[in-house]
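> Here is my input, please return the structure:
(2 chains)
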Amino acid sequence: MADEDKAAEIKDLQKQIRILQKKLERSETDRARLEVTNRNKESLLKGVICELEASQAVLEKKNLDVERAFNDLTLMQDKLVEAEKMAALGGLVAGVAHEINTPVGTCITVASTLMIETESLLAAVAANRLKRSLLDGYLEVAKESTDLLLRNLERAGELIQSFKQVAVDQSSLEKRTFALKPYLEELVVSLSPQLKKGSHQVTIAGDETIEMHSYPGAIAQVVTNLITNSLLHAYKNGEKGHLELRATKRDDRILLIYRDDGGGIERDNLKRVFDPFFTTARDRGGTGLGLHITYNLVTQKLQGKISLTSEVGKGTEFTIELPDRINS
Amino acid sequence: MLEIAVGHSNDPDSLEAIAEVLQQCKNKLGDKIPQAGILFAAVDFDRELILQEIDRAFPDIELIGCTTDGELSSVLEFQQDSIALTVFYGEGIEIRAAVGRNISQDPEAIAQATAATAKQQFNLPIKLAIVLPESLTTSTVSILRGLEAGLGDNIPLFGGAAAEQREMQRTYQFYQTEVLSDAVPILLFAGDIHFSHGIAGGWHPIGKRSQITKVDRNIIYEIDGKPALDFYHHYLNDYKPDSAYPLAVFPPGEERFFLRGALSYDLEEGSVKVSGDVPEHSIVQITDTTLEDVVNASAASFAEAWKNYGGEEPKAALCFSCAWRRWVMGTRANEEYRALIPALQDKIAACGFYTYGEVAPLQDNGQTFFHNTTFVTLLIGN
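Numbering: from 1, shown residues only, chains lettered A, B, ... in the order given. Next comes the predicted model:
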C-alpha cells in the first residue's frame, strides 16, 4: 500500500475514533436524561391515575346522591298521585252531594205540603166539617205527593248506590267480576253534575254483555280522568260537547274507545300528555297528573295498553285495550 | 432558478468537519458561488473557525446560523454532534442576512428596527424570512411581533430558536463571521421562489384542567391559586419541571391549544419560566405523548407542506424540530428523519436542526406563531 493511501486510511480511522468518542460521551448524558424522563413519566401516570381514582370516587358519591334524590322524587310523586286520587274522590263527593240535594230538597217540600194538607184534613174531620170535595182534593194531592216522593227518593237512592259503588271501588281498588257497560253507565251518572255544567252529552255504546274480572275502581278512575280531562281542555266556555265511550270485545281482549269532539291536542304536546306534571292548564288548577295516573292504571293495574290520536279542531280519541280477566 | 446544496459532517474536529461540508457543497454547485447560507452547529465546535472557513470558501456569502440540539440532513440523516450547512444560489433571487443585537434589552423594538432596515436594501418584494432567534434571554414571542411589524405585508417567518445541548445556559447565533448571543439573525428571501410549510406535534393533554391565576408574559407564578411548581410536583413528584411534559395552554375561549415547555424555575417563588408567553386566565393541562405520535408528526408535517406547494418543484426541505421531541425519542431520534425519506425521493435536499422553539404560521397566509414540541417543514424551490 502506498504511503498516501496509508495516510488517508489513518486519517479516516482517526476521524472514526473521534466520532465514536463523541458518541460515547453523548450516549452517557442522553441515557441519564432518558432515565429522568422515564421516571417522570411514571410519576405523571401515577398522578393522573390518582386523579382519575379521585374523580371516580367523586362521581360514585354524586351518583349515590342522584340516586337518593331520584328515590325521594319517586316517593314524592307517588304521594302526589295518591293525593290527586283522593282529591278526585273529594270532587266526586261534592258533586254527588250537590246532586242528591235536589231530589231530597224536592222530597222535603212535597212532604211538607202533604203534612199541611193532612193536618187541615184532620182538623176538618175533628170538626165534623169534612166535605166530599175536600177529601177528593186531599187524595189528589196525596197521590201526586207520594208519586213525587217516591220518584225523588228513588233518584236519590240511585245516586247513592252508584256513588257508593264508585267511591268504594276507587278507594279500595278491589278486584271483582262486573258487567262493563252498566258499570260505565253508573259511573257517568255519578259524574253527571260536572257534565251538566256545560250541558255536555255522553253516549255509552257497545256490547251489553261484556263481563270483566278486573278492578272496576281503576276503570272508574281512568274514565273519570278522561272525561275530566276533556271537560277541562277540549271545550271553550259555552261549547256543548259530545263524549262517547264504546266498549267492544274480541276474544279475551276488551277494547274501550273514548272520544271527544273538542279542540284536540297540539302535535308537540301529544307525546307528553302522559308525562307526570305535564299540563297546559296549570292556571285553571290542572296538576298534570290526571293522564299520568290514567296511563299507570291502564298499563300496570289493568295490565293493558293505552294510546291516543288527536287532530286539532276535530277532537281526541283514546284507545284502551284491556284483558277481560286479570288472574294474578 | 434556485439551487440549494447541503453539506453535513459529524467529524468532531472543527477544521476537518467544515472542510468536508464545504467540499460537499462545492460538489453540488460546481463553479457557482452561493449567495447565502444557513449553518447549524452543535455547541462543542469551534464556531469562529468554522465561520471564517465558510467566508474564505464563499466570500460575500450572506450567512446566518445558530447552535443546536441536534442536526439532520439528507447527507447524514440525524446527528447529535455535527455541523450542517445549507447554501442557496439563484438568479432573479435576492437573499440578504441581517441581525438584531442585545435583543433582550428591548426585543420588540430591536427586532422591528432590524427588519425595517433590512427591508430597505431589497429591490424585489420580500417573500419570506428565516429567523433563528435567541430563546433563553428574552421572550421569543416579542421578537416575532417586532419582526412582523418591521417587515409588514404579512410576510411569513419560519425557523427555530437557537439551542444547545439542554444545559439551558447559553445559545449562540451566527451572522456573517460573527458568533453572538442574545441576538436574532434573519435571512430574507425575495424574487422568484416558491415555498409552503406544514406543522405537526404529537403531544396530547392529560390530567385535570387547571387555570393560570398569575402570570407575567412567560413566567407562570400561580396555577389554580397555588405556586406553579406545585402543579408539576403533583404530576412529576418533583418540584423540577420537565420540558418533555410541556403544558397544553388553552387561551381563554379557545378550544385549540399550543404547548409551552419549562425553561427554568425558581424554587423560592415557586414560579416557572416557560418557552413563550402565556395569556392570563388560560386553562392548562399537563401533556404526554407516545414515541409513535412523535415520530409520525414529521411525515404529517411534510405531507401538509407538499400538499400546499404551489410551485413547480421544491428544491429543499428545511426542518425545525423541537429539542424536547428528540429527548423523548431517545435512541429512536433518527426515525423522525427517516420517516421523511420516501417523500424526499432523493430529489429534495433536506437540512434542519433541533430547536428550543419553532417558528411558523399555523396556516398559509396566517399570523406567525411560536411553537413548542412541533415539527415544522418548510419546502422551498422553484
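> Which positions in the stretch 201-350 of chain B make contact with chain A?
B:206-208, B:234-238, B:242, B:244-245, B:286, B:288, B:327-328, B:330-331 (C-beta under 8 Å from any C-beta of the partner chain). Bear in mind the C-beta positions are built from the backbone N, C-alpha and C, glycine included.
> now those: which count as buried?
B:206-208, B:234-236, B:242, B:244-245, B:286, B:288, B:327-328 (16 or more other C-beta atoms under 10 Å in any protein chain shown).
> In strands only, show me the residues you listed.
B:I206, B:G207, B:K208, B:I286, B:D288 (DSSP state E).
> can you name the two of these that are farthest apart?
B:K208 and B:D288 (13.5 Å; C-beta to C-beta).
> you'd agree B:S264 is up against B:Q169?
No - between B:S264 and B:Q169 there is no contact under C-beta atoms under 8 Å: 10.1 Å.
> Rebuild the ones in strands among the buried ones among the residues of the stretch 201-350 of chain B next to chain A as TSV, extending it with distance to B:S104 and pLDDT.
Output for these, formatted as TSV (distance: C-beta to C-beta, whole Å; pLDDT from 0 to 100):
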residue	distance to B:S104	pLDDT
B:I206	34	89
B:G207	34	86
B:K208	35	87
B:I286	29	91
B:D288	32	88
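> Please enumerate the helices of chain A.
A:3-126, A:132-172, A:180-197, A:216-233, A:267-270, A:290-296 (DSSP state H).
> Could you check the angle the third one makes with helix A:3-126?
Translated: helix A:180-197. Per axes from the mean of the first three to the mean of the last three C-alpha atoms, to 10 degrees, the angle that helix A:180-197 makes with helix A:3-126 is 80 degrees.
> so what does helix A:180-197 touch, helix or strand wise?
helix A:3-126, helix A:132-172, strand A:201-206, helix A:216-233, strand A:242-250 (3 or more C-beta pairs under 8 Å, 6 or more residues apart in numbering or on different chains; DSSP states H and E).
> Let me know which of those is the nearest to B:P342.
Minimum separation from B:P342 across the helices and strands packed on helix A:180-197 (C-beta to C-beta) falls at helix A:3-126, 26.8 Å.
> re the thing from before, which of the helices of chain A sits closest to A:T319?
Of all the helices of chain A, helix A:216-233 comes closest under C-beta to C-beta, at 11.4 Å.
> How far off centre is the helix or strand bottoming out on mean pLDDT in chain A?
Among the helical and strand segments of chain A, the one scoring lowest on mean pLDDT, DSSP states H and E is helix A:132-172, with a mean of 79. Offset of helix A:132-172 from its chain centre (C-alpha atoms, centre = their mean, to the nearest Å): 37 Å.
> what packs against that helix?
Checking 3+ C-beta pairs under 8 Å, 6+ apart, helix A:132-172 ends up next to helix A:3-126, helix A:180-197, helix A:216-233.
> State the mean pLDDT of the second one.
The one in question is helix A:180-197. With pLDDT averaged residue by residue, helix A:180-197 scores 83.
> Same question for the longest one.
Taken as a whole, helix A:3-126 has a mean pLDDT of 86.
> Report all helices and strands that that helix contacts.
Helix A:3-126 packs on helix A:132-172, helix A:180-197, helix A:216-233, helix A:290-296, strand B:204-216, helix B:228-236, strand B:283-288, helix B:323-329, going by 3+ C-beta pairs under 8 Å, 6+ apart.
> Could you point out which of these sits nearest B:L63?
helix B:323-329 (22.9 Å).
> For burial, what's the neighbour tally of the closest residue to B:F258 other than its chain neighbours?
Spatially, and ignoring its direct neighbours in sequence, B:F258 is nearest to B:V249 (5.7 Å; C-beta to C-beta, 6 or more residues apart in numbering or on different chains). Per other C-beta atoms under 10 Å in any protein chain shown, the neighbour tally for B:V249 reads 24.
> which SS class is B:V249?
Assigned by DSSP: H, G, I helix; E, B strand; the rest coil, the conformation of B:V249 is strand.
> Bridging across strands, which residues link to it?
Taking DSSP bridges as the rule, B:V249 bridges to B:F258, B:V284.
> ok, and the closest non-adjacent residue to the closest residue to chain A within the stretch 251-382 of chain B?
Relative to chain A, the nearest point of the stretch 251-382 of chain B is B:G330 (4.8 Å; C-beta to the nearest C-beta). Leaving out its chain neighbours, the residue that sits closest to B:G330 by C-beta to C-beta, 6+ apart is A:L34, at 4.8 Å.
> Same check on A:L255?
A:T248 (4.9 Å).
> can I get the helices of chain A in JSON lines with distance to B:A316 and mean neighbour count?
Below are these laid out as JSON lines (distance: least, C-beta to C-beta, whole Å; neighbours: other C-beta atoms under 10 Å in any protein chain shown):
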{"stretch": "helix A:3-126", "distance to B:A316": "26", "mean neighbour count": "13"}
{"stretch": "helix A:132-172", "distance to B:A316": "91", "mean neighbour count": "15"}
{"stretch": "helix A:180-197", "distance to B:A316": "92", "mean neighbour count": "19"}
{"stretch": "helix A:216-233", "distance to B:A316": "79", "mean neighbour count": "23"}
{"stretch": "helix A:267-270", "distance to B:A316": "65", "mean neighbour count": "11"}
{"stretch": "helix A:290-296", "distance to B:A316": "75", "mean neighbour count": "21"}
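> nearest to A:I257, of those helices?
helix A:216-233 (10.7 Å).
> between the closest one and helix A:180-197, how many degrees?
Using the same axes, to 10 degrees: helix A:216-233 against helix A:180-197 is 30 degrees.
> Helix A:216-233 - contacts with which helices or strands?
Identification of packing neighbours for helix A:216-233 by 3+ C-beta pairs under 8 Å, 6+ apart yields helix A:3-126, helix A:132-172, helix A:180-197, strand A:242-250, strand A:253-260, helix A:290-296, strand A:315-323.
> Only alpha carbons, please: show that helix as PDB.
What follows is helix A:216-233, C-alpha atoms only, in PDB (Å, rounded to 0.1, in the frame of the first residue of the first chain):
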ATOM      1  CA  PRO A 216    -113.700  -1.700  38.400                       C
ATOM      2  CA  GLY A 217    -112.300   1.100  40.600                       C
ATOM      3  CA  ALA A 218    -109.300   1.500  38.400                       C
ATOM      4  CA  ILE A 219    -111.600   1.600  35.300                       C
ATOM      5  CA  ALA A 220    -113.800   4.200  37.000                       C
ATOM      6  CA  GLN A 221    -110.800   6.300  37.800                       C
ATOM      7  CA  VAL A 222    -109.500   6.000  34.200                       C
ATOM      8  CA  VAL A 223    -112.800   7.000  32.700                       C
ATOM      9  CA  THR A 224    -113.300   9.800  35.200                       C
ATOM     10  CA  ASN A 225    -109.900  11.200  34.400                       C
ATOM     11  CA  LEU A 226    -110.500  11.000  30.700                       C
ATOM     12  CA  ILE A 227    -113.900  12.800  31.000                       C
ATOM     13  CA  THR A 228    -112.500  15.400  33.400                       C
ATOM     14  CA  ASN A 229    -109.600  15.900  31.000                       C
ATOM     15  CA  SER A 230    -112.000  16.600  28.100                       C
ATOM     16  CA  LEU A 231    -114.100  18.900  30.200                       C
ATOM     17  CA  LEU A 232    -111.100  20.900  31.300                       C
ATOM     18  CA  HIS A 233    -109.300  21.200  28.000                       C
END
